[in-house]
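Engineer: sequence first, then the predicted structure, then my questions.
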Protein chains: 2
Amino acid sequence: MSANNETTFNPGKGEGQSVGVAILGLGTVGTQVLRLLGEKAEDFERRIGGPIEVKGVAVSDKTKPRPGIDPELITDDAYSLVERDDVDLVVEVIGGIDYPRRVVLAALRAGKSVVTANKALVAAHGAELSDAADSSGADLFFEAAVAAAIPIVGPLRRSLAGDTVNKVVGIVNGTTNFILDAMDSTGADYGEMLAEATRLGYAEADPTADVEGHDAASKAAILSSLAFHTRVTADDVHCEGISSITAEDIAAAQAADCTIKLLATCERVTDESGKEGVSARVYPALIPRRHPLATVRESFNAVFIEAEAAGSLMLYGNGAGGNPTASAVLGDVVAAARNIVHGGRAPGDSTYANLPILDFGDVRTRYHIDLHVDDRLGVLADIAQTFADHHISLRTVRQEGANPGARLVIITHSAKESELAATVDALSKLDAILEVNSVIRIEGMDV
Amino acid sequence: MSANNETTFNPGKGEGQSVGVAILGLGTVGTQVLRLLGEKAEDFERRIGGPIEVKGVAVSDKTKPRPGIDPELITDDAYSLVERDDVDLVVEVIGGIDYPRRVVLAALRAGKSVVTANKALVAAHGAELSDAADSSGADLFFEAAVAAAIPIVGPLRRSLAGDTVNKVVGIVNGTTNFILDAMDSTGADYGEMLAEATRLGYAEADPTADVEGHDAASKAAILSSLAFHTRVTADDVHCEGISSITAEDIAAAQAADCTIKLLATCERVTDESGKEGVSARVYPALIPRRHPLATVRESFNAVFIEAEAAGSLMLYGNGAGGNPTASAVLGDVVAAARNIVHGGRAPGDSTYANLPILDFGDVRTRYHIDLHVDDRLGVLADIAQTFADHHISLRTVRQEGANPGARLVIITHSAKESELAATVDALSKLDAILEVNSVIRIEGMDV
């Protein structure tokens, strides 16, 4: 835990003093941040207690024309910019990991507060950045790193600081939610809807980070760390993407009155010996249509939180885009700038719980299993016995005609990943099983 | 605007020092706050940087038995308690206005930080309390005053501090949402569902403050003040309750693919001369079923926010009850206690915008008008002309048989309250109009 103790104490520059800001990166977000700081300068000054003065903007290519931006502000030397005496606050909206890590560390070590929208950086190197901020007494804020404009870092750090959060389930990637929602509405294939998402600008030319779940995994790491007062990095997050989801899977989900969403699930768990741990995982899962997360359409994001005293909460909105991300960045800029003017510092990372990461094989959830089987007497008995052998009990079994054979759709009660994997392995060896069509997890059936 | 300047600067008691807490009120919320402070003491200490020590609990009746609570803590002298040297932080969960106002002012003037769940107090006397906090450098927090555990005060004060909020529409009263949702699901009458709500504990014995909208009006005042950086009191809020809503109104809403909700609507408006103002109003209104607020069922609450850069956000959860309210109170307790230990102070009220309150007659919205008319040639022409005379254009007109006569259901485009009132007055004087069954406003049709 951080200490705002006397040695790092910031008394503030004083009411009316200006706050010098350096912006690193001038892509979609950086451009909107710069525009809004100019257009709303008077509001910022009134809310902060002193004016914001943009001292410089670091870019990779200085020669590119940037209409409407004072060329004197543009530099390609981010290191010199963040260490300038007249810079108090650094906004990092570059993206990537290694280069922004080095520049942000340089800024924090020089005592400059940092606002970043970089989920990959925070998820990979949060501890190192947090330590640097604690040492110099600077603020480090990253509301924009999870679900852009949706207030989620603030509520977890601040509003829920007096409660015990047990579970966080988020739809935190707009690209994959757009694709899955379009598949759900139209019945079309994954490939077709990925192409549509690309055409409409919801997916990037290389969609890997989104569709394979890496982007959501970074956010799951950040959410778990905040929710459970512990340290979780992106490497700790089990991650599966949506590229294997078929139109048939979506239809099967609909038949079970569910929809499929890419969920980032962060859970406080207690093992058989009573020891607490944390599980963070990203995978496509069925959720019941009546669950609030099922109503999250198109590219919207939402984070569902279960806390002991608060009960269920959901925070919903635009999880990406230049303006929504700029909104979150600028909320952090106001908070950091207020501290620069008036003194004090936000609390640092709270990671006292030091929870171990649960092995993925020990995670418990429910499963939707779609099997293509021989249509003959005794098949169901064999299959049921295989589940029983692995201590998995079944919630529903639905049989449909297929040609040849039959289709069995099974929903299990809560079971361990390792037991489920062993069951599927054993099932696939049964003569009567023609094919295991799909195995998809189920979340939110208890809400 | 407040100033955390050098003269009121709080350097903090220092890491490891205890924070003395006084609790005022031991009803449902106070009891849960006290329980959780005990049960989670270790978490609170780790999150704050020093232990919480409850120094006293003020109640009105000292003689009442309170099992499990140290009798030494109980006092009926709240004034002496809040001024004790060993009390740093006061939690006010009494309710009412005059008495808690005096005690809270005494606490703030003595430099004690205050956390209150009292919406009526904050809505009526926010300016006076805020000034007292600014003068002594104490913190004043009230997350629990609006929608209990749903983080909404924090997001408006902090996360959206870099954005421009244009509209806030909230379902902020659980009792009325339970009644309207039950009417919507069952087709039953208002009276029947109010009785059901009372039986289930969702409505108090005297439900006036809830069903007549006064509770929601206090919250609308607080939301407007925070969202628009201005000062709005409960008296500035136009307020209508739900007791006149009939099963027929609900059925008519359903026919228009809408539901009826009691909405607290807070809006930044610009009049014809370009002057900005604020409108805060509470009334039952139709909202389209596809609007996120239409999915808020039972006694849940939600606040929908439209901001320039963030776009649309919705914050959803439990808006009442002992535990959810205690969650919000305790989040504020942690924040205030951190400042007491580590120094610094949260920003005070930001009311620089000083927006005038728009006259209710000048508010623009859409209307759903249900008329019982003579079924003869020329009636529709007369009615349409009456709307045209008052510059109100119609969006849809739906005619149904009635016996005798006909029923006309009209949805208007956006129009001024004063013009609509004059239109309804003129309509009621037309010979062809047998009765104006209902006039209900419509919100959220543009989302």
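Structural biologist: Ah, there it is.

Engineer: near A:Arg205, how many other residues are there?
Structural biologist: Not quite, residue A:205 is Ala, not Arg. 5 (other C-beta atoms under 10 Å in any protein chain shown). Just so you know, the C-beta spots here come from the backbone N, C-alpha and C atoms, and that holds for glycine as well.

Engineer: what residues are up against it?
Structural biologist: By C-beta atoms under 8 Å, 6 or more residues apart in numbering or on different chains, the contact list for A:Ala205 reads A:Thr198.

Engineer: part of a strand, is it?
Structural biologist: No. Per DSSP: H, G, I helix; E, B strand; the rest coil, A:Ala205 lies outside any strand segment and is coil.

Engineer: what about it, distance to A:Thr198?
Structural biologist: Separation of A:Ala205 from A:Thr198 (C-beta to C-beta, to the nearest Å) stands at 7 Å.

Engineer: please apply the same query to A:Arg376.
Structural biologist: As judged by C-beta to C-beta, A:Arg376 and A:Thr198 stand 45 Å apart.

Engineer: how about A:Glu45?
Structural biologist: 42 Å.

Engineer: next, the nearest residue to A:Ala78 once chain neighbours are set aside: phi, psi?
Structural biologist: Distances taken as C-beta to C-beta, 6 or more residues apart in numbering or on different chains place A:Ala58 nearest to A:Ala78, at 3.8 Å, with adjacent residues excluded. With angles defined as degrees, to the nearest 10, A:Ala58 sits at phi -90, psi 130.

Engineer: do you know how far A:Ala58 is from chain B?
Structural biologist: 21 Å (C-beta to the nearest C-beta, to the nearest Å).

Engineer: next up, the contacts around that residue.
Structural biologist: A:Ala58 sits next to A:22-25, A:75-78, A:81, A:103 when contact means C-beta under 8 Å, 6+ apart.

Engineer: now, which of those lie within helices?
Structural biologist: A:78, A:81, A:103 (DSSP state H).

Engineer: before we move on, the earlier item: have a look at A:Arg376 and A:Thr198 and say which one is more surrounded.
Structural biologist: Taking neighbours as other C-beta under 10 Å, A:Arg376 and A:Thr198 compare with A:Thr198 leading, 15 against 10.

Engineer: touching, A:Val282 and A:Glu240? I think so.
Structural biologist: Yes. If you go by C-beta atoms under 8 Å, A:Val282 and A:Glu240 touch, sitting 6.7 Å apart.

Engineer: the more surrounded of those two?
Structural biologist: Per other C-beta under 10 Å, whichever of A:Val282 and A:Glu240 has more neighbours is A:Val282, with 31 against 16.

Engineer: what comes up buried for stretch A:254-273?
Structural biologist: Using 16 or more other C-beta atoms under 10 Å in any protein chain shown as the test for burial, stretch A:254-273 gives A:256, A:258-269.

Engineer: now those residues as TSV including distance to A:Asp370?
Structural biologist: Below are the buried residues of stretch A:254-273 laid out as TSV (distance: C-beta to C-beta, whole Å):
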residue	distance to A:Asp370
A:Ala256	10
A:Cys258	13
A:Thr259	16
A:Ile260	12
A:Lys261	18
A:Leu262	19
A:Leu263	19
A:Ala264	24
A:Thr265	21
A:Cys266	27
A:Glu267	25
A:Arg268	31
A:Val269	27
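
Engineer: partner strands of the worst-scoring helix or strand of chain A on mean pLDDT, with direction?
Structural biologist: When each helix and strand of chain A is scored by mean pLDDT, DSSP states H and E, strand A:394-401 comes last, with a mean of 91. Paired strands of strand A:394-401, with direction, are strand A:406-412 (antiparallel) (DSSP bridges).

Engineer: re earlier: may I ask which of the contacts of A:Ala58 has the most neighbours?
Structural biologist: Going by other C-beta under 10 Å, A:Ile23 tops these with 29 neighbours.

Engineer: would you check how far apart that one and chain B are?
Structural biologist: 14 Å.

Engineer: ok, now A:Lys167?
Structural biologist: Using C-beta to the nearest C-beta, A:Lys167 is found at 14 Å from chain B.

Engineer: where do the helices of the stretch 51-200 of chain A begin and end?
Structural biologist: A:78-83, A:98-109, A:119-136, A:153-154, A:174-186, A:190-199 (DSSP state H, counting those that start in this stretch).

Engineer: winner for burial among those helices?
Structural biologist: Highest mean neighbour count among the helices of the stretch 51-200 of chain A (mean count of other C-beta atoms under 10 Å in any protein chain shown): helix A:153-154, with a mean of 24.

Engineer: what's it packed up against?
Structural biologist: Taking 3 or more C-beta pairs under 8 Å, 6 or more residues apart in numbering or on different chains; DSSP states H and E as contact, there are no helices or strands that helix A:153-154 lies on.

Engineer: now that helix, how far from the chain's geometric center?
Structural biologist: Mean C-alpha position of helix A:153-154 versus that of the full chain (C-alpha atoms, centre = their mean, to the nearest Å) differs by 12 Å.

Engineer: other residues contacting that helix?
Structural biologist: A:141-143, A:145-146, A:222, A:226, A:331, B:151, B:154-155, B:158-159.

Engineer: so which of the residues you listed comes closest to B:Tyr190?
Structural biologist: Using C-beta to C-beta, B:Pro151 is the member of the contacts of helix A:153-154 that lies nearest B:Tyr190, at 31.9 Å.

Engineer: coming back round to it: from the buried residues of stretch A:254-273, which two are the most distant?
Structural biologist: A:Ala256 and A:Arg268 (27.5 Å).

Engineer: the longest helix seen in chain A - contacts with which helices or strands?
Structural biologist: Secondary structure of chain A per DSSP H: the longest helix is helix A:322-342. Under the contact definition 3+ C-beta pairs under 8 Å, 6+ apart, helix A:322-342 sits against strand A:19-24, helix A:28-39, helix A:41-48, strand A:89-92, strand A:113-116, strand A:140-141.

Engineer: can you list those in a markdown table and add distance to B:Phe300 and mean pLDDT?
Structural biologist: Converted to a markdown table, the helices and strands packed on helix A:322-342 look like this (distance: least, C-beta to C-beta, whole Å; pLDDT from 0 to 100):
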| stretch | distance to B:Phe300 | mean pLDDT |
| --- | --- | --- |
| strand A:19-24 | 40 | 98 |
| helix A:28-39 | 33 | 97 |
| helix A:41-48 | 31 | 97 |
| strand A:89-92 | 37 | 98 |
| strand A:113-116 | 33 | 98 |
| strand A:140-141 | 30 | 98 |
